[in-house]
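Novice: build me a structure from this.
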Amino acid sequence: MSRPEHVAPPEIFYNDIEAKKYARNSRMMEIQERLTERALELLNLPDDGIPKLLLDIGCGSGMSGQTLTEHGHEWFGTDISADMLNVARDEREVEGDLCHSDMGQGLPLRQALFDGAISISAVQWLCNADTAGAEPRVRLKRFFASLYAALTRGARAVLQFYPETPRQAEMITMAAMKSGFSGGMVVDYPNSTRAKKFFLCLMAGPPAELPKPKNEEDEEEEGEDGVKV
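Specialist: Purely as a prediction, here's the structure:
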């Protein structure tokens, strides 16, 4: 089965038909909720009862944002697929604010605005040269520089993604470090082909100890996930 990013650019792959099909898939809803719950855990937000303003990059149809809302947070979502955003706004009626934006061109956001950021199954799309002049290293640099600027100092970003190769994971991680972030990769279920999950945990401030990954002893193995923008 081909990876979606090998089929077409995300704004084309996730057209009106695919966006609605994805948003109505109960299995994908469950996967997105589980991954977002884990991303929130890794964000390690202060337990002070104060809602946080979070950035959801590649928010798609708003599945991950809905989980943020359920946890009492406010959120702002960006996505390159206008059809996915239409589903989020018109069909799911999400509570977060939405922005049609290509993260590879840089995030059009005010500086030091967000208390944290998540991204579920999106960052791997930056590694594809879909059009002439779309150099992955340049797109990654723009993305991480703008993400760093948009976070308050000391805030974290947790980016879950599906690297195609170890080299791709290293390229993404190094681009983040060169933009000023500290942190690194947390790999849940590292010994499982089906359940392995990659979370790039970034700190916009002084280095801190990375969270511990989950392993097969923590809970039963999860099923193999689909890949989305």
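Novice: could you use CA atoms for every contact and neighbour count after this?
Specialist: Will do.
Novice: tell me which stretches of the chain form strands.
Specialist: 53-57, 74-79, 97-100, 114-120, 151-161, 182-188, 197-203 (DSSP state E).
Novice: what comes up buried for the longest one?
Specialist: In other words, strand 151-161. Residues 151, 152, 153, 155, 156, 157, 158, 159, 160, 161 are the ones in strand 151-161 that count as buried (16 or more other CA atoms under 10 Å).
Novice: list the contacts of the second one.
Specialist: For residue 152, the contacting residues are 111, 112, 113, 114, 115, 116, 204, taking CA atoms under 8 Å, 6 or more residues apart in numbering as the criterion.
Novice: for the residue lying closest to it once chain neighbours are set aside, the count of nearby residues, please.
Specialist: Distance criterion CA to CA, 6 or more residues apart in numbering; nearest residue to residue 152, sequence neighbours excluded, is residue 112 at 4.2 Å. Number of residues near residue 112 (other CA atoms under 10 Å) recorded here: 14.
Novice: on that earlier part again, give me the buried entries from the contacts of residue 152.
Specialist: Burial by neighbour count, judged by 16+ other CA under 10 Å, picks out 114, 115, 116, 204 from the contacts of residue 152.
Novice: nearest to residue 198 among the residues you listed?
Specialist: Distance to residue 198 across the buried ones among the contacts of residue 152 (CA to CA) is lowest for residue 116, with 18.2 Å.
Novice: surely that closest one and residue 42 touch.
Specialist: No. Judged on CA atoms under 8 Å, residue 116 makes no contact with residue 42 at a distance of 10.7 Å.
Novice: measure residue 22 to residue 10 for me?
Specialist: Remark: distance between residue 22 and residue 10 (CA to CA, to the nearest Å) = 13 Å.
Novice: among the strands of the chain, which is nearest residue 145?
Specialist: That would be strand 151-161 among these, by CA to CA, at 10.5 Å.
Novice: identify the bridge partners of residue 118.
Specialist: As for beta bridges, residue 118 partners with residue 56, residue 158 under DSSP bridges.
Novice: residue ranges with poor pLDDT in this structure?
Specialist: 1, 129-133, 217-229 (pLDDT under 70).
Novice: now do the helix ranked longest in it and strand 114-120, the angle between them.
Specialist: Counting residues, the longest helix found in the chain (DSSP state H) is helix 26-43. Here helix 26-43 runs at an angle of 140 degrees relative to strand 114-120 (axes from the mean of the first three to the mean of the last three CA atoms, to 10 degrees).
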